[in-house]
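Visitor: Predicted structure and sequence below. I'll ask about it afterward.
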Amino acid sequence: MMTSADIRKQFLDFFASKGHQIVPSAPIVVKNDPTLLFTNAGMNQFKDFFLGNRKPVSTRVADTQKCLRVSGKHNDLEEVGVDTYHHTMFEMLGNWSFGDYFKTEAIAWSWELLTEVYKLDKDRLYVTIFKGDEKEGLPKDQQAYDEWKKWISEDRILLGNKKDNFWEMGDTGPCGPCTEIHVDCRPDEERKQKDGKELVNNDHPQVIEIWNNVFMQFNRLKDGSLQPLPAQHVDTGMGFERLVRVIQGKQSNYDTDVFTGTIAATEKITGNRYDFSDSKMAIAFRVIADHIRAISFTIADGQLPSNNGAGYVIRRILRRAVRYYYSYLNYKQPLLYQLLPVIADQFADVFPELKHQVDFVGKVVKEEEDAFLKTLEKGLKRIDDIITVSGKEINGKAAFELFDTFGFPIDLTRLIAAENNLAIDEKGFEAEMQQQKNRSRAAGTIDTEDWIILVEDAMHEFVGYDSLEIKSRITKYRKVKAKGKEAYQLVLEATPFYAESGGQVGDRGILDFEGEAIAVTDTKKENNLIIHFTETLPAKIQGTVMAKVDAAKRQETTIHHSATHLLHAALRKVLGTHVAQKGSLVNEEQLRFDFSHFAKLSEEEIAGIERIVNEKIRANIPVHIKEMGKEEAVAMGAMALFGEKYGDTVRVVIIDPKYSIELCGGTHVGFTGELGFFTIKHEAAVAAGVRRIEALCGAAAEKWVAGQAAQLHDVREILKNPKELVKAVESLQAENSELKKRIESLEAKQLTALKNELVQKTETLNGVQFLGAIVEAGSADALKKLCFELKNNLANYLVVLAANIDGKAQVAILIDEMLSADKSLEAPKIIKEQVAPLIKGGGGGQKTLATAGGQDAGNLAQVIEKVRALI
């Protein structure tokens, strides 16, 4: 049987033989494209070529691309593991023509590869072509129909509608008619009973699409209209996992060698057996086999799990997998991180970035698993309680509570609800979410109008490495709206403005239109286009423009960027060569550098790093910048960042060949002496296995050190200028500690006296000892302690204590365990339903002891009566 590795290789070899350049996969995490969080199709990295913003190195390329689809238009997450062919991460095999060949060759080569190389049965194949669309004014794709007639009988050429046979990347962007190739994998007996063409595009699990040939002819504008692209292109995508399934003769993608290694490892770890069924246990195996790939490769490409944007998507996927192995494989400890070596070895030859970082990725995944497992059991118990009292749906507030308190992504709650034949009050949940930032979306929505083209077929150039002021002209511009404010985005033919990338912020400056100065507030990249942000447009936008970068800001930013290279090398010398950059932010005020390391840096290590960097600054080493082939750069020891997409020619920054060589597109000083002075002001953890250093250089460093010295001077003044400052502070701390002990002793005596007084006020109601009182307490903690004191003097009790502390309400509720069980009384529920509305606040706690705080201390007597009424 042909292995999946053989199948991938044959695809690439076939198109290499047809004159295609084989290119590496782009990172799965998208940068410089505001419309995407992740690469969701093979064409993403080539978008600029289709739009005419960049010229390709070759007009024919082929690749296998890591893709991820979990949110937005392409949302497959809820089907993953339940069916046999949806995935979060998948490989997309593709061949591309940029203004070279078109439908004739694309169709002929598709047929040749599938039937002559892969030897698929011709009588199992069907193709679809676009039948046209009257609304869009688009005719039937007759050329594709005629080309297919050369290879396949006409009764197997099916007409498809716009939904199935007109491919669009999103609401806007490149698009065009497509032809799909479908394969009927059903047993011969079933095929005799029903013609396969009736099942094409009808969600039959055994009659599936394996290849889509898109003929890029149009650009979809914001108003919905279609504009012809500068040249016609071919964009094909073949799902690797589905192809392997077909060639290996399997009924499920998960039965192929793409996934069987992971499933076998999961069996060994958990002691369960995968049975190829639709049982919850079998679904759990498939979910894990799929999700571990998405989690590991996104982290390897630089995206750490977090609470917003792309990071939250990864966290959602990981938590879905954890819930499946916890509930259905009965495995109660971290599992996913144990599978990483299996995935890393499997993909070492095609996607080596995971193998190179397997220890780091494993630590990140394990920490995420540990964190969610701590709340998962409580969350599952809570959702069981919610299900018990729910009718036909889980209300929005409950869904939000699961999200906010227990970390359950809404799709996880939706999944559990569906398993119990319940719906989710989606509108109610969304209403609750309005009070917070929606975590599953990218931050900051921008309403963008279409480009207004001033110069057709313009070539764009960045000249900001050598010049900060040049004459240029605007080639296109558009209006944008964000947070109710209008602004403009301008593109210059040539620009000295550096666009935000590689951690370095974008330039600011001025565009001078023959005396009318317009401020550039920021510069960013969209795909490969440098965009200048302005708040207004000039009166004469088609005239000559003098583009002037803010030189002072650029210089301070440049200083901090060069400092990151010195810092990176120093970290590797002091801590070890396992250190790798995981992110950075460089601006005129400071640098922030994230790196892989698993322990807090000691004072000695920080001092050592500062010493090395400052030695390199004083040495005034020349900074050499060279352009060369990527392979040559890597051979000479240049460090490349995982998750970055590099071209064949790269820019190499060398600060002493024996010290620092990095691939970098940022701006840099000519000599290290320009940095002046370097100091680290903060070091901390930001994620599992990732530390962060904040540091300063040049004038910013001098200013910070001067500020620290001024603070030290002030402390001396306050302490009356002691000879030994440290001893004076230690003496002050010891005195403060002794005084605190005395206060705590006095408070304990007061609490005992107050407890004895309160016990006398206890009343018996329906066999329950009830105590409700407004007391004087210095803190919420004192109120809690008083409850603990009362516990030993009461039986079968319900206690509610309230206090006005600095004008704010504090309430504590204590319930006897037996009473709680007999009467179904829960302290957090009483707080939420009875107390919180009266004091305009909230709180929580354990079943028999809960506290609350609120803004309104005027209703404390009512609080006591409300709780009293419960018994």
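Guide: Thanks, I have it. Residues are numbered from 1 along each chain as shown.
Visitor: any weak-confidence spans in the stretch 451-600 of the chain?
Guide: Along the stretch 451-600 of the chain, no part satisfies pLDDT under 70.
Visitor: For it, just list every one of the helices.
Guide: 551-575 (DSSP state H, counting those that start in this stretch).
Visitor: Number of residues surrounding the closest residue in space to Leu838 that isn't next to it in sequence?
Guide: Excluding its sequence neighbours, the residue lying closest to Leu838 (Cβ to Cβ, 6 or more residues apart in numbering) is Asn859, at 4.4 Å. C-beta coordinates here come from the backbone N, C-alpha and C atoms, glycine included. Neighbours of Asn859 under the rule other Cβ atoms under 10 Å: 18.
Visitor: For Arg651, list each beta-bridge partner.
Guide: Glu627 (DSSP bridges).
Visitor: Do a quick rundown of the strands in the stretch 251-400 of the chain.
Guide: 393-394 (DSSP state E, counting those that start in this stretch).
Visitor: In it, what residue spans correspond to helices?
Guide: 260-270, 280-300, 309-328, 336-346, 353-356, 358-389, 396-406.
Visitor: tell me the most buried of the ones you listed?
Guide: helix 280-300 (a mean of 25; mean count of other Cβ atoms under 10 Å).
Visitor: can you state the direction angle for it and helix 260-270?
Guide: 110 degrees (axes from the mean of the first three to the mean of the last three Cα atoms, to 10 degrees).
Visitor: what about the stretch 51-200 of the chain, any weak spots by pLDDT?
Guide: 71-76, 169-170.
Visitor: Do a quick rundown of the strands in it.
Guide: Under DSSP E, counting those that start in this stretch, the stretch 51-200 of the chain gives strands at 60-68, 89-98, 125-130, 157-160, 166-168, 173-184.
Visitor: hang on, the earlier thing: where among the helices of the stretch 251-400 of the chain is average confidence lowest?
Guide: Mean pLDDT per stretch puts helix 396-406 lowest among those, at a mean of 83.
Visitor: so what secondary structure elements neighbour it?
Guide: Secondary structure elements in contact with helix 396-406, counted by 3 or more Cβ pairs under 8 Å, 6 or more residues apart in numbering; DSSP states H and E, are helix 358-389, helix 410-419, helix 426-433.
Visitor: List the residues that contact Leu51.
Guide: Gly173, Pro174, Asn219, Leu229, Asn527 (Cβ atoms under 8 Å, 6 or more residues apart in numbering).
Visitor: Which of the residues you listed are buried, as a PyMOL select command?
Guide: In PyMOL, this line selects whichever of these come out buried by 16 or more other Cβ atoms under 10 Å:
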select buried, resi 173+174+219+229+527
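Visitor: Out of the contacts of Leu51, name the two that are farthest from one another.
Guide: Farthest-apart pair in those is Leu229 and Asn527; separation 14.6 Å (Cβ to Cβ).
Visitor: picking up where we left off before, CSV for the strands of the stretch 51-200 of the chain, including distance to Ser820?
Guide: Putting those into CSV (distance: least, Cβ to Cβ, whole Å) gives the following:
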stretch, distance to Ser820
strand 60-68, 47
strand 89-98, 47
strand 125-130, 64
strand 157-160, 63
strand 166-168, 58
strand 173-184, 59
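Visitor: Which helix in this structure has the most residues?
Guide: helix 725-759 (DSSP state H).
Visitor: tell me the mean pLDDT over it?
Guide: Taken as a whole, helix 725-759 has a mean pLDDT of 88.
Visitor: just checking, what packs against it?
Guide: Partner elements for helix 725-759 (3+ Cβ pairs under 8 Å, 6+ apart): helix 698-718, strand 768-774, helix 780-791.
Visitor: immediately after that helix, which helix or strand?
Guide: strand 763-765 (DSSP states H and E).
Visitor: Give the rounded mean pLDDT of that next one.
Guide: Rounded mean pLDDT across strand 763-765 is 90.
Visitor: Contacts made by that strand with the rest, please.
Guide: So strand 763-765 is contacted by Gln769, Phe770, Leu771, Arg868, Ile871 (Cβ under 8 Å, 6+ apart).
Visitor: Drop anything exposed from those.
Guide: Buried among these by 16+ other Cβ under 10 Å: Gln769, Phe770, Leu771.
Visitor: Just put the residues you listed in JSON lines and tack on pLDDT.
Guide: Output for those, formatted as JSON lines (pLDDT from 0 to 100):
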{"residue": "Gln769", "pLDDT": "92"}
{"residue": "Phe770", "pLDDT": "93"}
{"residue": "Leu771", "pLDDT": "93"}
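Visitor: From those, pick the one nearest Lys630.
Guide: Nearest member of the buried ones among the contacts of strand 763-765 to Lys630, counting by Cβ to Cβ, is Leu771, at 75.6 Å.
Visitor: how much space between the spatially most distant residue from the centre of the chain and Ser296?
Guide: Distance to the chain centre peaks in the chain at Gln760, reaching 58.6 Å (criterion: Cα atoms, centre = their mean). Gln760 sits 64 Å away from Ser296, going by Cβ to Cβ, to the nearest Å.
Visitor: if we can go back for a sec, and the residue nearest to Leu838, what does it touch?
Guide: Neighbours of Asn859 in contact, by Cβ under 8 Å, 6+ apart: Ala809, Leu838, Ile839.
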